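In: mind folding the following:
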Amino acid sequence: MTGRHKEELEGVTLLGNQGTTYTFEYNPAILESFDNKHPNRDYFVKFNCPEFTSLCPMTGQPDFATIYISYIPDIKMVESKSLKLYLFSFRNHGDFHEDCMNIIMNDLIALMEPRYIEVWGKFTPRGGISIDPYCNWGRPGTKYEQMAEHRLMNHDMYPEKIDNR
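Out: Model prediction:
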C-alpha cells in the first residue's frame, strides 16, 4: 500500500494551511472530504471532540459538550481539521442541544453519504441536569439501516463507555 498522491488531496485545503481562519458563525461549507481507500471494508472512524460550544437560544449563555462522532465510511471521508473548524463554527450558534446534534449529523451525511453514522453530545450539566442527545442514521434499505435501528434501541447512553470497546 502506498501513501496518498497529490491529486488525491486536491479538495483538502485546510490541512497544513498556516493561515487558518476561524469562522464564528455556523458554516457547513467549511467541511472537506477525501476518498476512502478502503471502500470494500466496513470499519468505524471515531472522533472525540471535547471542546464543543454553542449558545442557548433563549439566554445566549454558552453550552459546553464533548461530541462523539462515529461513522462507517463509503466513498468519502471527512477531513479532521475541517471537522474541527466546522464544530468551532457553532460557537455563536443559538440552538438546543438536540438540534445541534442532528444538524451535525445531517451535514456529515450530506458531505460523505456514509453507510452509517452516529453523533452524541455529552453536555456539561447546567442547573443540576445534563442532556446527552444521541442520533444515528443508516443507509435506507441496507443492513446499515437495520444496524441504526438496533443501536438506537440498545444504545448505552454513556458515551465514555464506548472508549473501552
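In: nearest the geometric middle of this structure, what residue?
Out: Among the residues of the chain, Ile69 comes closest to the average C-alpha position under CA atoms, centre = their mean, at 4.3 Å.
In: separation between that residue and Tyr144?
Out: 16 Å (CB to CB, to the nearest Å). In short, each C-beta sits where N, CA and C put it, glycine included.
In: what do you get for Asp63?
Out: Taken as CB to CB, the span from Asp63 to Tyr144 is 30 Å.
In: what do you get for Gly3?
Out: 29 Å.
In: how about Ile117?
Out: Relative to Tyr144, and taking CB to CB, Ile117 is found at 9 Å.
In: overlap in contacts, those two.
Out: Ile72 (CB atoms under 8 Å, 6 or more residues apart in numbering).
In: settle it for me: which of those two has more neighbours?
Out: Ile117 (27 against 20; other CB atoms under 10 Å).
In: quick one: the strands in the chain?
Out: 33-35, 45-55, 62-72, 76-78, 116-123, 134-138 (DSSP state E).
In: hey, what's Asn136 bridged with?
Out: Glu118 (DSSP bridges).
In: that one contacts Val119, correct?
Out: Yes: counting by CB atoms under 8 Å, Asn136 touches Val119, with 7.5 Å between them.
In: neighbour count for those two, which is higher?
Out: Between Asn136 and Val119, counted using other CB under 10 Å, Val119 has the larger neighbour count: 25 against 20.
In: excluding chain neighbours, what is closest to the more buried one?
Out: Met105 (4.4 Å; CB to CB, 6 or more residues apart in numbering).
In: distance of that neighbour from Pro114?
Out: 10 Å.
In: more neighbours: which of the two?
Out: It is Pro114, of Met105 and Pro114, that has more neighbours when counted by other CB under 10 Å, with 24 against 21.
In: Lys46 versus the residue nearest to the more buried one when sequence neighbours are not counted, what's the distance?
Out: Of all residues not flanking Pro114 in the chain, Tyr71 sits nearest, at 4.4 Å (CB to CB, 6+ apart). Counting by CB to CB, the gap from Tyr71 to Lys46 is 8 Å.
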